Each structure stands twice: as structure tokens, then as C-alpha cells.
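# I'd like to go over a predicted model; first the sequence, then the structure.
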Amino acid sequence: MPTLEEIYTQLPEDLHTLPKPKSDKELEEMNYHVRHWMSSLSGSIKIGSKEHKQMVCEMFRETFNPYRPTFMAWPKLSKEEIERLQSLPIWDIAVQTEGKARLRMAAYVKELLDPEMADAIARNAWEENRHKEVLADLVKFYGIPLASEPPYHEPKDAEWAYLVTGFSECWDSFFGFGLFALAEKSGFFSKELTETFEPIMQEECRHILLFANWLAWHRANLPFLQRVKFEAKVLAVYVFLIYERIGLIETMDAEGETQYQDANFTISGATELTGKPTSISEFLQLCLDENDRRFSGYDRRLVRPKIAPTVARWAVKILPKDFGRNLIKG
């Protein structure tokens with residue numbers, strides 16, 4: 001049985017090195033295939049069926065990008081641009097979130113009995129580790145100070161940990177898509193930096209697509225009593241995440257010092273990225289548009305994450321158009 005570190009540092013094929021693109025055209029074609037995928041299966045697909053599992057596992061495997069974000073050429077930025085990057089209050093929690101995610105997914109892989117789904121989630125763990133390494137490289141390149149990382153511990157309840165990570169990624173990615181577009185539109189991120197970050201954002205889209213379909217498949221295959229118990233755990237995860245996001249996370253770094261981090265940085269970060277006053281409704285609509293755009297290339301029969309988009313759509317309908325314009329501004 002492989003260790004957790006072996007699961008998240010090696011692809012299932014045990015590739016120790018990844019190929020470099022042979023040309024810009026090959027890189028461009030790969031970037032296209034990451035965003036566009038259709039199953040060879042025809043007709044309607046029953047959620048929870050073998051065909052559904054086959055579809056989602058093939059999607060995740062076939063849309064894997066071996067080139068980016070593995071090979072990152074960080075663009076040279078002006079002093080002002082670097083200072084803007086350094087001012088973002090997200091880097092500590094971003095690096096540590098990826099560190100926890102890779103471990104939690106690897107721990108859940110060891111409990112899975114289905115080999116196809118275990119393979120897909122192991123690939124997800126590997127990609128989370130790649131994200132962590134890329135972020136660590138970015139902060140080092142641009143001189144962004146980080147608190148020392150706390151030790152990462154194997155979760156006692158792997159399913160609980162995987163649910164927390166999966167639902168967190170669904171929520172954070174939805175708002176992250178909007179923040180990324182906001183940073184691009186406002187000029188907070190240069191065109192070169194935006195293009196460099198883009199593969200990471202699309203990988204997050206694939207990650208939450210995998211989670212949403214694992215969740216639907218898993219639910220559909222649970223016996224009644226186990227399903228009731230599972231839904232109770234899901235509800236407890238929702239409560240935990242709401243509690244986590246109304247305040248600060250208190251963690252202990254490697255030196256034993258207490259660090260406070262904003263768990264809701266994907267929303268609070270909007271105040272740092274806008275070039276002009278933006279209402280909450282406008283920001284949520286941007287998140288919805290970006291969410292739809294990023295998922296548009298994948299087979300429509302796959303389940304999409306629903307909670308964050310549904311909440312946002314209701315908020316856009318209910319909130320006055322200018323509500324919160326003074327809260328989200330540069």
C-alpha cells in the first residue's frame with residue numbers, strides 16, 4: 001500500500017518526469033483539450049451508473065495537462081505590480097490549503113474500493129500537490145513573505161476531510177473565477193501574469209467537476225441507511241464551513257506561533273482587486289458568467305456544482321443593483 005506522500009507526489013502511472021511541449025502549437029492544442037471534452041458514450045446517462053463513473057473518470061484523465069502548470073515562466077513585473085501581489089492577504093492560506101487538500105485526497109484514496117474512482121482522486125491529489133509547488137515557486141520568485149507551514153497531519157476521518165476539501169473548493173473556486181476575471185479587467189494582474197495563472201484556474205474547474213460527480217455517484221450507490229448517515233455528515237460539513245467562514249482560522253506555524261488567516265479570502269479579496277467601485281450584485285454576476293464559461297466545454301451530462309451558483313443567482317435577483325458598492329472598491 002503506497003504512503004500518502006507517494007500518492008500525491010506521483011501520478012498513477014508512476015511518471016517521475018513530465019514531457020515538455022515540443023512546440024507552441026502542441027501547447028495550444030493541449031490547453032484546448034483541457035477545456036473541451038465530450039464522452040464517446042451516447043444517449044442519456046443515469047447518475048450513479050457504471051457509465052456515469054466511466055464518464056467522469058475518463059474526463060479527468062483525458063483532460064490532464066502534462067505541461068502546465070508544471071513549467072511556469074514567471075513574467076518580470078514592475079516594482080508596483082510586485083507590491084500589489086505582495087499586498088494580497090491570500091498567500092499563506094492558499095499554500096496551506098493546497099497542502100491540506102493533497103493529503104486529504106490521498107487519505108481518501110486509500111479507503112476507496114473502486115479502482116477507477118481511486119485513480120481519478122489520486123490524480124486530483126497529485127494536481128493539488130503540483131498547485132502547492134507552483135504557488136511556493138511564485139511567492140519565492142516575487143519575494144512574497146510567508147508564515148512557516150504547520151505540519152500536515154493525516155485526517156482521522158478521511159471521508160469527512162475529503163468532503164470538507166471538496167465543498168470548500170466548490171465555493172472558493174466559484175468566487176475565485178470571478179476574482180481572477182476582476183483582476184484581469186482592472187489591470188491588477190498584467191496580461192502576462194494572467195496567462196501564466198490561467199491553467200491553474202482551469203484545473204480548479206476540473207477538480208470541482210470531479211468532486212461534484214463523485215458526490216452524485218457516491219450518493220446514488222449508498223444503501224438507504226448509509227445514505228441517511230452520509231447526508232447527516234454532509235449537513236455537518238455545511239455547518240462547519242459556514243462557521244469557518246464567518247471568522248478567522250487560528251493555526252499554529254512550524255515555530256509554534258499562532259497565525260490568524262481569513263478563510264473567506266475569495267470574497268474579501270475583491271476589495272484588493274477592483275480598479276473601480278463594484279457592487280456585490282455585479283461581482284456575483286461576474287462569478288456566474290465566469291463559472292458558466294469555464295464549464296461550458298465539458299460534456300453537459302456531467303453534474304455541475306450547484307450550491308454556490310444557486311445562492312449567487314438568488315442574491316443577484318434579491319439584492320439592489322448598487323448594494324455593497326462601497327464595500328467592494330479599490
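Ah, there it is.

# Nearest residue to the residue nearest in space to the middle of the chain in space, please, no chain neighbours.
In the chain, the residue lying closest to the centroid (Cα atoms, centre = their mean) is residue 204, at 3.6 Å. The shortest distance from residue 204 to any non-neighbouring residue, by Cβ to Cβ, 6 or more residues apart in numbering, is to residue 173 (4.5 Å). Glycine gets a C-beta too; all of them are placed from N, C-alpha and C.

# Provide the count of other residues in contact range of that neighbour.
25 (other Cβ atoms under 10 Å).

# show me what contacts it?
204, 205, 207, 208 (Cβ atoms under 8 Å, 6 or more residues apart in numbering).

# what's around residue 135, how many residues?
Residue 135 has 22 neighbours, counted by other Cβ under 10 Å.

# Which pLDDT does the model give it?
With respect to pLDDT, residue 135 has a value of 89.

# so it is in which element?
Assessed by DSSP states H and E, residue 135 sits inside helix 115-141.

# from the middle of its chain, how far away would that helix be?
10 Å (Cα atoms, centre = their mean, to the nearest Å).

# same for that helix, what does it pack against?
On a contact count with 3 or more Cβ pairs under 8 Å, 6 or more residues apart in numbering; DSSP states H and E, helix 115-141 meets helix 4-9, helix 50-62, helix 91-109, helix 191-220.

# got those as CSV, with distance to residue 82 and mean pLDDT columns?
Formatted as CSV, the helices and strands packed on helix 115-141 follow (distance: least, Cβ to Cβ, whole Å; pLDDT from 0 to 100):
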stretch, distance to residue 82, mean pLDDT
helix 4-9, 30, 92
helix 50-62, 35, 97
helix 91-109, 13, 93
helix 191-220, 10, 93
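
# for the ones you listed, which one ends up most surrounded?
Compared across the helices and strands packed on helix 115-141, helix 91-109 shows the largest average neighbour count, a mean of 23 (mean count of other Cβ atoms under 10 Å).

# what about it, distance to the chain center?
Relative to its parent chain, helix 91-109 has a centroid offset of 11 Å by Cα atoms, centre = their mean.

# do stretch 29-38 as well
Here stretch 29-38 is found 18 Å from its chain centre; the criterion is Cα atoms, centre = their mean.

# count of neighbours near residue 176?
For residue 176, the tally of surrounding residues (other Cβ under 10 Å) stands at 24.

# Same check on residue 223?
8.

# that older thread, closest to residue 153 out of the helices and strands packed on helix 115-141?
Closest approach to residue 153 among these (Cβ to Cβ): helix 91-109, 7.9 Å.

# show me what contacts residue 47?
Shown in contact with residue 47 (Cβ under 8 Å, 6+ apart): 216, 217, 220, 303.

# ok, 6 Å please
Listed by Cβ atoms under 6 Å, 6 or more residues apart in numbering, the contact set of residue 47 reads 216, 220.

# Assign it to helix, strand or coil.
Of the three states, residue 47 takes coil under DSSP: H, G, I helix; E, B strand; the rest coil.

# What separation do you get for it and residue 148?
Residue 47 sits 44 Å away from residue 148, going by Cβ to Cβ, to the nearest Å.

# For residue 161, give me its contacts.
104, 155.

# did I read that right, it in a strand?
No: assignment of residue 161 by three-state DSSP gives helix, placing it outside any strand.

# all helices for the stretch 151-300 of the chain, in order.
For the stretch 151-300 of the chain, the helices defined by DSSP state H, counting those that start in this stretch cover 158-186, 191-220, 224-245, 265-268, 270-273, 280-295.

# who wins for proximity to residue 30 among these?
Once the helices of the stretch 151-300 of the chain are compared by Cβ to Cβ, helix 191-220 is nearest, at 9.6 Å.

# list the helices and strands the closest one packs on?
Counting contacts by 3 or more Cβ pairs under 6 Å, 6 or more residues apart in numbering; DSSP states H and E, helix 191-220 packs against helix 50-62, helix 115-141, helix 158-186.

# Let me see the mean pLDDT of whichever helix or strand comes after the first one.
Put plainly, it is helix 50-62. Per DSSP H and E, the first helix or strand lying C-terminal to helix 50-62 is helix 79-87. The pLDDT scores in helix 79-87 average 87.

# so how far is helix 79-87 from its chain's centroid?
Chain-centre distance of helix 79-87: 24 Å, with Cα atoms, centre = their mean.

# Please enumerate residues in contact with that helix?
Under the contact criterion Cβ under 6 Å, 6+ apart, helix 79-87 has outside partners 142, 144.

# Could you quantify the relative orientation of it and helix 91-109 as an angle?
Angle, helix 79-87 to helix 91-109, by axes from the mean of the first three to the mean of the last three Cα atoms, to 10 degrees: 50 degrees.

# Keeping just the C-alphas, turn helix 79-87 into CSV.
Extracted C-alpha coordinates of helix 79-87, given in CSV (Å, rounded to 0.1, in the frame of the first residue of the first chain):
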residue,chain,number,x,y,z
LYS,A,79,8.0,47.2,-8.7
GLU,A,80,4.4,48.5,-8.3
GLU,A,81,3.0,45.2,-9.7
ILE,A,82,5.1,43.1,-7.3
GLU,A,83,4.0,45.3,-4.4
ARG,A,84,0.3,44.7,-5.4
LEU,A,85,0.9,41.0,-5.4
GLN,A,86,2.6,41.1,-2.0
SER,A,87,-0.3,43.1,-0.5
